[in-house]
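>>> coordinates only, sequence not included:
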């Protein structure tokens with residue numbers, strides 16, 4: 001079938017040709033004048049599934065966490081996306097990737113869930129969180145969940161939990177606090 005991403009059959013074989021690059025934009029809207037300005041962040045790197053610390057949702061945020069494929073835009077010569085194999089933290093103020101973790105060869109990262117470390121009202125740092133996400137290993141056809149420290153992504157997983165079965169790559173996730181464990185999501 002075809003949709004926004006093109007042919008899923010091709011994607012599942014690792015062929016990303018024809019899939020549009022996904023970039024992270026910082027958009028500023030002046031509500032008094034209607035002016036809109038935008039800036040491409042991270043040098044046009046291929047970023048997807050962007051998220052901010054849950055306590056900063058709908059507020060001005062400095063850091064954005066995302067999955068990353070290409071670390072550059074490829075220019076006019078080659079703008080074919082690559083499979084996402086790392087998690088990145090982008091500083092919106094500088095526009096640069098300030099931290100990242102590479103999952104390894106033939107390992108695909110998927111949408112992360114960001115879990116605040118502190119209490120509900122603790123807003124000491126936007127990077128004070130756990131990044132929890134599935135990682136699909138194409139060589140072994142297995143899935144693990146990794147737990148990364150949002151302040152130190154490059155240090156690698158604090159835990160990597162193997163699952164008894166694989167999760168197909170490209171599913172989405174959400175964090176539901178324990179008090180809502182019976183809620184339908």
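Received it, and whenever you're ready, just let me know what you need. No experiment lies behind these values; they were computed from the predicted model shown.

>>> for the closest residue to residue 50 other than its chain neighbours, report the pLDDT, please.
Among residues not flanking residue 50 along the chain, residue 66 sits closest, at 4.4 Å (C-beta to C-beta, 6 or more residues apart in numbering). Backbone N, C-alpha and C define where each C-beta goes, glycine included. Predicted confidence (pLDDT) for residue 66: 97.

>>> quick one: name whatever helix or strand follows the helix or strand harbouring residue 66.
Residue 66 is part of strand 63-68, with elements assigned from DSSP states H and E. Sequence order places strand 86-91 as the next helix or strand after strand 63-68, per DSSP H and E.

>>> what does that next one contact?
Residues from elsewhere that reach strand 86-91 (C-beta atoms under 8 Å, 6 or more residues apart in numbering): 24, 41-42, 45, 47, 62-68, 96-103, 109, 112, 127, 131, 133, 148, 150, 153.

>>> just the buried ones out of those residues, please.
Buried by 16 or more other C-beta atoms under 10 Å: 24, 41-42, 45, 47, 62-68, 97-103, 109, 112, 127, 131, 133, 148, 150, 153, out of the contacts of strand 86-91.

>>> out of these, which sit inside helices?
Counting by DSSP state H, the buried ones among the contacts of strand 86-91 place none of their members in helices.

>>> the bottom helix or strand of this protein by mean pLDDT?
Here the helix or strand of the chain ranked lowest by mean pLDDT, DSSP states H and E is strand 2-3, holding a mean of 48.
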